[in-house]
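> quick one, what's the 3D model for this:
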Amino acid sequence: MKVFLAINRTKPDAAEAAKLLRECLKTAGIEETASKESCDVIITLGGDGTILSYAGTGKPLLGINLGRLGYMTALEQNEIELAGRLGDGFTFEAVDRMMLDIRVMRRKKCVYSATALNEAVITRSGMPQLCDMELSFNGMTVTRYAADGMIIATPTGSTAYSMSAGGPVVDPRLDAIIVTPVCSHNPAKSRSIVTNASTLVRIIPIALHAKQLCIAPDGRGGILLEPDDTVEISKSARTTTLIKKKDRSFGGLLYINDTDRPE
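Numbers count the residues shown, from 1 in each chain. The predicted structure follows:
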């Protein structure tokens, strides 16, 4: 087995963790390669953000958490030695996670496309100001929002920005799309909507004028929206394969990341 190490060197413990990891892999007979194209597995050292950088590459991802919260990572820093069991078939399992296709349509032409594992975020690019947006599912208008922005998330992304904005925590094994307004001006429209993954979600900014809205996938650079643009978001044919510990459930991950849990 060949692995590629993706190391977030901005983490204080990255160098020490990488050294220990390499020792464990060498002892287990697992080869490190400098090419992510020729590897069998990508091992990330960092947090969920590091995993997002390699989402959709077609390579299984094993994440080791050096950050604060690691909902997508398989191992914590004190479990690095378990990476040596990667090939034993008993400790880990591979799970496919749903992704989103994002398109910006302008005068009936696609001017921007991207994929996201966590979410697509529509928000102001300048000073905070309410944005008027129309939401539709499969061509049928659902509602209009006056809000700071909107988050369209996968179940995997439900524990990221969407959760911070008050959205629901959704089991990542489900096929669904979560729409969460950010700071909606109407209390009655402040709740998230969870819809079937087969839904084509459209968001149309209303009366942009001098306002500057942008859409960004997974926290990466996106595109500024122009008046009359339409954002289309749907389930992608692409998936991201995450390697997880067999003995760790989604509920267990929530408990690990619960800062209020008893000592």
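> and the helices in the chain?
Ranges of helices in the chain, per DSSP state H, are 14-27, 48-52, 161-164, 250-256.
> give me whichever of the ones you listed is most buried.
Most buried of these by mean neighbour count (mean count of other C-beta atoms under 10 Å) is helix 48-52; its value is a mean of 24. Heads up, the C-betas are built off the backbone N, CA and C, glycines and all.
> can I get that helix in CSV, CA atoms only?
Taking C-alpha atoms only, helix 48-52 is exported to CSV below (Å, rounded to 0.1, in the frame of the first residue of the first chain):
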residue,chain,number,x,y,z
ASP,A,48,-11.5,19.1,8.5
GLY,A,49,-10.2,22.0,6.4
THR,A,50,-7.2,19.9,5.3
ILE,A,51,-9.5,17.1,4.3
LEU,A,52,-11.6,19.6,2.2
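> what are the contacting residues of that helix?
By C-beta atoms under 8 Å, 6 or more residues apart in numbering, the residues outside helix 48-52 that reach it are 6, 8, 44, 61, 63, 67, 69-73, 117-118, 160, 218-219, 242.
> next: stretch 125-141.
Outside stretch 125-141, the residues touching it (C-beta under 8 Å, 6+ apart) are 122-124, 142-150, 179, 185, 193, 195, 199-207, 211-214, 224.
> buried only: go through those residues for me.
122-124, 145, 147-150, 179, 193, 195, 199, 201-205, 211-214 (16 or more other C-beta atoms under 10 Å).
> low-confidence ranges, the stretch 101-250 of the chain, go.
Applying pLDDT under 70 to the stretch 101-250 of the chain picks out residues 127-128, 208-211, 250.
> now the strands for it?
Assigned strands in the stretch 101-250 of the chain, in chain order: 109-116, 119-124, 131-137, 140-147, 149-153, 176-182, 193-196, 201-205, 213-217, 223-224, 230-245 (criterion: DSSP state E, counting those that start in this stretch).
> tally of neighbours for the closest residue to G157 other than its chain neighbours?
Leaving aside its chain neighbours, G157 sits nearest to N118 (3.3 Å; criterion: C-beta to C-beta, 6 or more residues apart in numbering). Residues contacting N118 under the criterion other C-beta atoms under 10 Å number 29.
> I'd guessed N118 sits against P155; true?
No. Contact between N118 and P155 fails when scored by C-beta atoms under 8 Å: they sit 10.0 Å apart.
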